[in-house]
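Participant: no FASTA, just this:
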């Protein structure tokens, strides 16, 4: 991992002790930035397995040349897209990610955002000093139609949580890789994206960043969302046309709760940073603070499984990358 303090938070003394029971740990290898050639040789030369995390350099052909014994990479974080190169697959390395462990906090954040959106918390908070809303102006979640874009590991957690809500929300799903039969098993109604936008007062995004998902919510689709609707994005900023969203939020027609933006961060003075009906957070939905230990625990369990020849729960295969966040 690129940062010693973060590495210690992800892999604390207890977790390292567990690692030491099944593997020989290299000297300070978990803190190596691996940027210099001596650093690569000392940390990677004898390594059979590498634990990576935020801040690690890409596993290029040159870097892997310093690790002739390497057989597996366990990523104690979410996406491996910035880490894994073609050289990894050419070497036949096994790759695992703790993305499942990171998905829980994102789903929790999303559910909090949905509750706030259902109660129109942003606009009522902004008007707090001018008087309390009349009963007829108050909002709630009961009977709401909520549109989920993407049945990813996070999207599925969000749908499962929504299905347990006493509010009795109707869940609409758009995902071109999900069948009607599978949608029924998930307890949701499968629709096309335009229908989802037109019918949902809350739209939450959980799709990967790919060329075809850029501006998935463009000006035309944002205009379909009913007046007073809320857009929630905890996935990737590029899924939304930022300027089109700004035009919808500026007059108050739509609200937005955004943990990711395009660009990220937004430039100083951007209208979205000052609108009272927009909540911006700095990419905090995933594991933060004490939560990052979940990633370390998942990684240690993966190492234990790998050493014992068991299947890896977070296994990432070459063909998976295209559809992953």
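Facilitator: Nice, I can see it. Just so it is clear, the model here is predicted, and its values are computed rather than measured.

Participant: What's the per-residue pLDDT of residue 35 here?
Facilitator: pLDDT, residue 35: 52.

Participant: Hmm, I typed the wrong one, I wanted residue 239.
Facilitator: Reading off the model, residue 239 has pLDDT 98.

Participant: who are the neighbours in contact with it?
Facilitator: Residues near residue 239 by Cβ atoms under 8 Å, 6 or more residues apart in numbering: 149, 205, 207, 209, 213-217, 233. C-beta here means a position set from N, CA and C on the backbone, and glycine is covered the same way.

Participant: Then residue 124?
Facilitator: Contacts for residue 124 were tallied using Cβ under 8 Å, 6+ apart; they are residue 133.

Participant: in what helix or strand does it lie?
Facilitator: Assigned by DSSP states H and E, residue 124 belongs to helix 121-126.

Participant: after that helix comes which helix or strand?
Facilitator: Downstream of helix 121-126, the next assigned helix or strand under DSSP H and E is strand 145-149.

Participant: now the helices for the protein?
Facilitator: 4-10, 13-22, 37-44, 61-65, 86-90, 99-118, 121-126, 153-163, 180-186, 193-199, 219-224, 242-249, 293-307 (DSSP state H).

Participant: Give the residue spans of the stretch 201-325 of the chain that score low on pLDDT.
Facilitator: Applying pLDDT under 70 to the stretch 201-325 of the chain picks out residues 325.

Participant: Which parts of it are strands?
Facilitator: 202-205, 230-233, 255-258, 278-280, 315-316 (DSSP state E, counting those that start in this stretch).

Participant: So which of the ones you listed is nearest residue 55?
Facilitator: Closest to residue 55 of the strands of the stretch 201-325 of the chain is strand 315-316 (Cβ to Cβ; 18.9 Å).

Participant: could you list every residue that touches the nearest residue to residue 198 once chain neighbours are set aside?
Facilitator: Nearest residue to residue 198 in three dimensions, chain neighbours excluded: residue 224, at 4.5 Å (Cβ to Cβ, 6 or more residues apart in numbering). Neighbouring residues of residue 224 by Cβ under 8 Å, 6+ apart: 194, 197-198.

Participant: hmm, which of these are the buried ones?
Facilitator: 197-198 (16 or more other Cβ atoms under 10 Å).

Participant: Any idea how far stretch 4-24 is from the middle of the chain?
Facilitator: Here stretch 4-24 is found 24 Å from its chain centre; the criterion is Cα atoms, centre = their mean, to the nearest Å.

Participant: still on that earlier bit, only the buried residues of the helix holding residue 124, if you could.
Facilitator: 121-123.

Participant: Can I get these in CSV including distance to residue 170 and pLDDT?
Facilitator: What follows is these, written out as CSV (distance: Cβ to Cβ, whole Å; pLDDT from 0 to 100):
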residue, distance to residue 170, pLDDT
121, 21, 94
122, 23, 94
123, 23, 89
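
Participant: so which of the residues you listed would you say is closest to residue 174?
Facilitator: Checking the buried residues of helix 121-126 one by one against residue 174 (Cβ to Cβ), the nearest turns out to be residue 122, at 24.5 Å.

Participant: quick one, what contacts the nearest residue to residue 225 once chain neighbours are set aside?
Facilitator: Nearest non-adjacent residue to residue 225, counting by Cβ to Cβ, 6+ apart: residue 197, 5.1 Å away. Contacts for residue 197 (Cβ under 8 Å, 6+ apart) come out as 147, 203, 217, 221-222, 224-225.

Participant: can you tell me how far residue 197 sits from residue 217?
Facilitator: Remark: distance between residue 197 and residue 217 (Cβ to Cβ, to the nearest Å) = 7 Å.

Participant: Overlap in contacts, these two.
Facilitator: What both residue 197 and residue 217 touch, as defined by Cβ under 8 Å, 6+ apart, is the set residue 203.

Participant: what bits of the stretch 1-150 of the chain have low per-residue confidence?
Facilitator: Using pLDDT under 70, the flagged stretches of the stretch 1-150 of the chain are 1-3, 27-42.

Participant: thinking again about what came up before, save the contacts of residue 224 as a markdown table, and put in pLDDT and distance to residue 240 too.
Facilitator: Converted to a markdown table, the contacts of residue 224 look like this (pLDDT from 0 to 100; distance: Cβ to Cβ, whole Å):
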| residue | pLDDT | distance to residue 240 |
| --- | --- | --- |
| 194 | 98 | 16 |
| 197 | 98 | 12 |
| 198 | 98 | 17 |
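
Participant: Closest to residue 18 out of the contacts of residue 224?
Facilitator: Nearest member of those to residue 18, counting by Cβ to Cβ, is residue 197, at 46.9 Å.

Participant: what's the residue most central in space within the chain in contact with, if anything?
Facilitator: Residue closest to the average C-alpha location in the chain (Cα atoms, centre = their mean): residue 235, at 5.2 Å. Going by Cβ under 8 Å, 6+ apart, residue 235 touches 150, 152, 154, 205-209, 260, 325.

Participant: thinking again about what came up before, okay, the buried residues of helix 121-126 in JSON lines with distance to residue 300 next?
Facilitator: Formatted as JSON lines, the buried residues of helix 121-126 follow (distance: Cβ to Cβ, whole Å):
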{"residue": "121", "distance to residue 300": "39"}
{"residue": "122", "distance to residue 300": "40"}
{"residue": "123", "distance to residue 300": "45"}
